[in-house]
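Participant: Sharing a model prediction with you, sequence too.
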Amino acid sequence: MKVRIRYFASVREALSSSGETVDTQAGTLAALRDELIARGGAYASALARGRAVRMALDQAMSDEAAALSDDCEVAFFPPVTGG
């Protein structure tokens, strides 16, 4: 299936990209994140399991168990703090 991915803030900076469309076999956000980490390099660093990374599926905050569907939009970004 095709999934549109958007990267924000420090994740975007680390990957030098605001987004991409990928063909994936991943069924969940967790599996997609693992696929991207497996690319190595900047992906492995920016999305590493030890890093705090928030995810949204079709513009709704989601946990890693959320199921992907064809042509969905996934966003990865760091936690946001306010003051």
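Facilitator: Looks like it arrived, so ask away.
Participant: rest of the way, CA atoms for contacts and neighbours
Facilitator: Will do.
Participant: Disregarding residues adjacent in the polypeptide, which is nearest to residue 36?
Facilitator: Closest residue in space to residue 36, ignoring its immediate chain neighbours: residue 43 at 6.1 Å, by C-alpha to C-alpha, 6 or more residues apart in numbering.
Participant: do you know how far the one you found is from residue 15?
Facilitator: For residue 43, the distance to residue 15 equals 7 Å [C-alpha to C-alpha, to the nearest Å].
Participant: Likewise for residue 21?
Facilitator: For residue 21, the distance to residue 15 - C-alpha to C-alpha - is 14 Å.
Participant: Can you pick out the residue with more neighbours from the two?
Facilitator: Between residue 21 and residue 15, residue 15 has the larger neighbour count (other C-alpha atoms under 10 Å), namely 17 against 14.
Participant: Would you confirm that that one contacts residue 42?
Facilitator: Yes. With contact defined as C-alpha atoms under 8 Å, residue 15 and residue 42 form a contacting pair (5.8 Å).
Participant: how many neighbours does residue 17 have?
Facilitator: Neighbours of residue 17 (other C-alpha under 10 Å): 12.
Participant: so residue 75 bridges to which residues?
Facilitator: residue 6, residue 56 (DSSP bridges).
Participant: Show me which helix runs longest in the protein.
Facilitator: helix 29-37 (DSSP state H).
Participant: Could I get the CA-only coordinates of it as CSV?
Facilitator: Listed next in CSV are the C-alpha coordinates belonging to helix 29-37 (Å, rounded to 0.1, in the frame of the first residue of the first chain):
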residue,chain,number,x,y,z
LEU,A,29,2.4,2.8,12.8
ALA,A,30,4.9,0.7,14.8
ALA,A,31,5.8,-1.5,11.8
LEU,A,32,6.2,1.6,9.6
ARG,A,33,8.5,3.2,12.1
ASP,A,34,10.6,0.0,12.2
GLU,A,35,10.7,-0.1,8.4
LEU,A,36,12.0,3.5,8.3
ILE,A,37,14.6,2.8,11.1
